[in-house]
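**Student:** Need the 3D shape of this:
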Amino acid sequence: MNFKVSLAVFLGLISLNLNAKEGRPKIGLALSGGGARGMAHIGVLKALEELHVPVDYIAGTSIGALIGALYASGYSVKEIENIFSTTPWEDLIFRDRVPRPDLPFRRKVDHGQYLFDFELGYRSGRFILPSGLVQGQKFSLLLDSLFLRVANTPDFSHLPIPFRAVATDAESGKMTVLDRGNLADSVRASAAYPVLFSPVEIDGKLLLDGGAVDNLPVDVVKKMGADIVIAVDISAPLQSRNDLSSFVDVSDQFVTILMRKTTQASKDLAHLVLLPKLRDEGTFSYAGIAPLIKSGEDEVLKHESDLNRFRISDLAFQKLKHREQNKPYEPERIDAVRVSGFQRVDKETVEQRLHLREGSPFDLTEINGELTQIYSLGDFERTDFALSEENKKNVLSVRAIEKRWGPNYLHFGVTWDGEIKGKRDGTALINIQLTRLNRLNAEWITNIEMGSTLALDSEFYQPIGYRGYFFIAPKVSALRMYQDFYADQKRVAEYEIDAVAGEVDVGVDLKRFGEIRFGLRRGFLNSESELAASSVAPFKVQTGSFIGRMSLDQLDSIYFPSRGVYFSSEYLASRTYLGADQSYRKLSAQIHNFYSLDRHTVFLSASGGASLGTEVPLYDEYLLGGFRSLSGYREDELRGQDFGVGRVGYIYRLPFPPTVFWSRMFLGLWGEAGNVWSRKRDIDFSDLRYAGTLGAGFDTKLGPIFLAYGQSGSDHQQFYISVGRTFGIGSPRVF
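**Tutor:** Predicted structure coming up:
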C-alpha cells in the first residue's frame, strides 16, 4: 500500500471514529462511466441492499450518473433493472429520427431524395457541422419522463439520497459538478459522449460527458460529506490492435486513454474499490443485461467481510428505504404552459401545433407525442419539457432548442442501377434546403442530380397561415436524360432528352398523411438521337398542361417497408391553349400495402394508367420493365397508352445482428402480372405478362442495396444491382 492510500485509509478511520460517537458513518457511492458496462452498477446496488449497507450520498459520471440519479430519486433496484431491460437502447441512441409515419409529408419527400443520414448546415457564408451525430431527442424525452417524480426538487441535496452528476465544460475543459436544476438535463449532460451526442447547455455552459475530467468522482462524494467512499469502476480496458476495427472502436479507445489517469487517482482516494469482472462489452452494446448485473453482485459479495462493518439492522434499513423511496411528484393537471427557445422559428408556429393548454390534464404520453411532432418539423435539435411547481401551480415548460447549424441545410446521396444485360445508371444527389425564410415559414428546396441523368428541381414553398394547411408553390425544373426505345426485344433508338419547365401549384397539406396539389405547367421538350440509325423520329415540342396530384404516405420506410400504405395518383391535361403542341389527357395511380408480423412481411401492390380516350404522344407514354415493374424485361422496354400491373410478395428479415456496415438484411420474392396496351380496345387480361423476382436487400449506412434476379417467360431474364432506390414506390417524372 503506497503512502497516498495509507493516508486516505488513516483519515477515513479518524472520520469513522468521530462519526461513530454521533451514530453510524456516512457512506458515499462513486459510480464511473463506461457505457453499457455500467449496468453492473445495478448489481452493486442490489447486493448492497441485500447486505443492508446504506448509501447516503451518490455521485456519478455518464452511465453512472444515470443509474445513480435513478436510485437517488427513489427508484428501487428492481425498477431500475426493469427500466434497463425493457428500454430499446440501440434504437434510443442510434436511431434518433422520428418514426417515418409521424413525419410531416414534406419531410418524407425529402428523405426519399437523399440517403445519408447526415445534415450539413450553411449560415453566414460558411458550412457548419452538427454538434453530434445524434441529437438525443428520444433519450431526452425518456429522461424527462423518468425524473418527473422529482421535478419539484431543484436542489439535488434534497433528493431522497443527495446526488451529484459530473460533466465537462466544453469551452474550458474543466470539471462541472451539477448539484441543482433539472435532473434530466444534468444526467444527459454527464452522458453526452463526444462526437456521438450533441452537448447540453446548462447555465450558459456547453457540457459534455464527464469522463474526460473525472470518470470516478470519489472526491465529489467526499465533499458531499461521506465518511466512507465506495468506488465502482466499470471503465473499459484498453483494446488490442486487432480489436480496433472501426471508428467506434478507435473512439472508445481514445476516450479510455484519457480517462485512465483520472480514474487511477480517484481509486487511490477511495476506501473500497469494486472492480466487477465484465465481459469485453462494447460501450453501446446493451444486449444481455443479466450477466452484467450479476458481475456487480459478485464483486460486492467478494468484499462482504469488509462491508459487514457498515451493516445496519433490518428495521433501521427498512426505515431508511421507506424514507428514500418517497412519494413521486404526480401532477393531475397543467396550470400553466410556457414555450421558449426560439430565434429563427416563429413562436406562433409551434404554439399552433401545441394542443396543451392551461387546465389540460397531465398526460405524459400526449406531451411526448406533441413534442415529437414539433421535433419532426426539422428545425430543432431537441424538443423536451420541464415541470416545476410554482406557487402551488404545475408549470409545464416546453423547450424547443433550434439547430445551431441551421436554418439552411445540405443533404447528399447516391443512386446506381445496373442490369447485367442492359444499361447502368449512376447519379449523385444533392438536396439544398433554405428554411424559415419568412414568418410563415417559407422554404426553398432544390434537388440536383449529377450523373447519367442531369436534373434540377427547385421549388419555393409558401404556407398560407401559421397552421400551414394551404400553400402555394412555384417551381422550375430542368432535365437531361437518356431513354431507350425497343421493338421485339431490340433497342431501336436511344435519345438524349432535354426538358425545361416552370410550374405553379396550390394545394392542401394533409400534415403527416400526405398532400393534394393542383397546378399549371409550361415548358419545352427536345430530343436528339444517339444512334446512327434510328427508327424513331426525333421530337421537339412545347408543353403546357393542368396537373393534379394526390399523395398519401404512411409507410414506415420508403426503402424497406414492413407496414403501412402508400397511395398516389396523378392527372395531366395537356392543352394547346396553354401553349402545348398537342392536347391529350392521362390519369395514373398506384397503391402499396405492407403487412408485417415479426420478421415476416407480406405486400400487395397495384398500379395503372389510362389515356382517357385521347392519343398520348410517344414521349409521354407509360413505361414498364426493369427491377421494379415486370422484372426480367429491360428497363422501359414496354411502352403504351394504357397499362396495369399487380404485384404480391413476401419479405423475410434475416436474424442477423446489426454491424458497422448494415442494420438489416432481407430476402424477398414476389410475382407480377400486367401489360401495356397501345389502344384501349386492345386491353385484354388474356394477354397479361407474368414475372417473378427473387432478391436480397441490405439496409446499409450508405443506403439501400438490392441484388435480384427477375424472369418473365422463358426469354426475358435479368440480374439487377440497385443502390439508393426505393422499393418501386414513388411518382414518375412529368414532362
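**Student:** Tell me the secondary structure at Glu528.
**Tutor:** Each residue gets one of three states, and Glu528 gets strand by DSSP: H, G, I helix; E, B strand; the rest coil.
**Student:** Counting neighbours, what do you get for it?
**Tutor:** Neighbour count for Glu528, taken as other C-beta atoms under 10 Å: 12. All C-beta spots, glycine's among them, are computed from the backbone N, C-alpha and C.
**Student:** What residues are bridge-paired with it?
**Tutor:** Beta-bridge pairing of Glu528 under DSSP bridges involves Glu496.
**Student:** In contact with it, which residues?
**Tutor:** 495-496, 538 (C-beta atoms under 8 Å, 6 or more residues apart in numbering).
**Student:** Mind giving me the PyMOL command for buried ones among those residues?
**Tutor:** Of the contacts of Glu528, the buried ones go into a single PyMOL selection, burial set by 16 or more other C-beta atoms under 10 Å:
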select buried, resi 495
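**Student:** Closest one of the contacts of Glu528 to Trp405?
**Tutor:** When these are compared for distance to Trp405 (C-beta to C-beta), Glu496 comes out closest, at 39.1 Å.
**Student:** hmm, back to that, nearest to Thr262 among the contacts of Glu528?
**Tutor:** Taking C-beta to C-beta as the measure, Thr262 sits nearest to Glu496 out of these, at 64.7 Å.
**Student:** Glu530 is in contact with that closest one, correct?
**Tutor:** Yes - taking contacts as C-beta atoms under 8 Å, Glu496 lies within contact range of Glu530: 5.8 Å.
**Student:** so what sits against both of these two?
**Tutor:** Among the neighbours of Glu496, those also in contact with Glu530 (C-beta under 8 Å, 6+ apart) are Tyr482.
**Student:** is it true that Leu148 lies in a helix?
**Tutor:** Yes - according to three-state DSSP, Leu148 belongs to a helix.
**Student:** what about it, neighbour count?
**Tutor:** Taking other C-beta under 10 Å as the criterion, the count of residues near Leu148 is 22.
**Student:** Mind jotting down where the strands sit in the stretch 351-500 of the chain?
**Tutor:** 380-390, 393-402, 408-419, 424-434, 443-451, 454-464, 470-487, 490-509 (DSSP state E, counting those that start in this stretch).
**Student:** Please identify the deepest-packed of these.
**Tutor:** Mean neighbour counts were compared across the strands of the stretch 351-500 of the chain using mean count of other C-beta atoms under 10 Å; the top stretch is strand 380-390, at a mean of 21.
**Student:** Show me how far that strand is from its chain's centre.
**Tutor:** Between the mean C-alpha location of strand 380-390 and the chain-wide mean there is a distance of 20 Å, by C-alpha atoms, centre = their mean, to the nearest Å.
**Student:** helices or strands next to that strand in the packing?
**Tutor:** Using 3 or more C-beta pairs under 8 Å, 6 or more residues apart in numbering; DSSP states H and E as the contact definition, the elements that strand 380-390 packs against are helix 137-146, helix 183-190, helix 364-375, strand 393-402.
**Student:** Can you tell me which helices and strands the shortest one packs against?
**Tutor:** Read it as helix 183-190. Under the contact criterion of 3+ C-beta pairs under 8 Å, 6+ apart, the helices and strands touching helix 183-190 comprise helix 63-72, helix 137-146, strand 163-169, strand 175-178, strand 200-202, strand 205-209, strand 380-390.
**Student:** ditto for the third one
**Tutor:** For helix 364-375, the contact count by 3+ C-beta pairs under 8 Å, 6+ apart identifies helix 137-146, helix 347-353, strand 380-390, strand 393-402 as packing neighbours.
**Student:** which one of the ones you listed lies closest to Gly125?
**Tutor:** Distances from Gly125 to each of the helices and strands packed on helix 364-375 were compared using C-beta to C-beta; the minimum, 19.4 Å, belongs to strand 393-402.
**Student:** I'd like the mean pLDDT over stretch 233-251, please.
**Tutor:** The predicted model assigns stretch 233-251 a mean pLDDT of 69.
**Student:** wait, I meant stretch 25-44
**Tutor:** Average pLDDT, stretch 25-44: 89.
**Student:** what's the least confident stretch among the helices and strands packed on helix 364-375?
**Tutor:** Considering the helices and strands packed on helix 364-375 one by one, the lowest average pLDDT is found for helix 347-353, at a mean of 76.
**Student:** List of residues touching that one?
**Tutor:** Contacts of helix 347-353 with the rest of the structure, by C-beta under 8 Å, 6+ apart, involve 339, 342, 370, 373-374, 377, 398, 400, 441, 466-467.
**Student:** out of these, who's nearest Phe594?
**Tutor:** The shortest separation between Phe594 and any of these is 23.3 Å, and it belongs to Gln373 (by C-beta to C-beta).
**Student:** ok, now which ones touch Pro104?
**Tutor:** The contact partners of Pro104, by C-beta under 8 Å, 6+ apart, come to 376-378, 509, 511-512.
**Student:** With Val339 instead?
**Tutor:** Taking C-beta under 8 Å, 6+ apart as the criterion, Val339 is in contact with 347, 350-351, 354, 398, 400.
**Student:** Pretty sure Trp416 is one of the things Asp425 touches, is it not?
**Tutor:** Yes - Asp425 sits in contact with Trp416 when judged by C-beta under 8 Å, with a separation of 6.9 Å.
**Student:** ok, now which ones touch Ser62?
**Tutor:** Under the criterion of C-beta under 8 Å, 6+ apart, the contact list for Ser62 reads 32-35, 38, 190-191, 193, 209-211, 215.
**Student:** How many neighbouring residues does the closest residue to it other than its chain neighbours have?
**Tutor:** With C-beta to C-beta, 6 or more residues apart in numbering as the criterion, Ser62 has its nearest non-adjacent residue at 2.9 Å, and that residue is Gly33. Neighbours of Gly33 under the rule other C-beta under 10 Å: 33.
**Student:** quick check, Gly33 in a helix?
**Tutor:** No - the assignment for Gly33 by three-state DSSP gives coil, which leaves it out of any helix.
**Student:** Excluding covalently adjacent residues, which one is nearest to Arg123?
**Tutor:** The nearest residue in space to Arg123 (C-beta to C-beta, 6+ apart) is Asn408, at 6.1 Å.
**Student:** Next one: the one you found relative to His41, how far apart?
**Tutor:** From Asn408 over to His41 the distance is 43 Å, taken as C-beta to C-beta, to the nearest Å.
**Student:** I'd say Phe118 and Tyr409 touch.
**Tutor:** No - the pair Phe118 and Tyr409 does not pass the contact test of C-beta under 8 Å, sitting 10.2 Å apart.
**Student:** and of the contacts of Glu528, the nearest to Tyr57?
**Tutor:** Among the contacts of Glu528, Glu496 lies closest to Tyr57 (C-beta to C-beta), at 75.2 Å.
**Student:** tell me the contacts of that closest one?
**Tutor:** Each residue near Glu496 by C-beta under 8 Å, 6+ apart is listed here: 480-482, 527-528, 530.
**Student:** Val232 too?
**Tutor:** By C-beta under 8 Å, 6+ apart, Val232 lies in contact with 29-32, 40-41, 44, 64, 274, 276, 296.
**Student:** thinking again about what came up before, contact partners for the residue nearest to Ser62?
**Tutor:** Shown here is Gly33, whose contacts under the criterion C-beta under 8 Å, 6+ apart are 60-65, 190-191, 209-211, 215, 234-235, 259.
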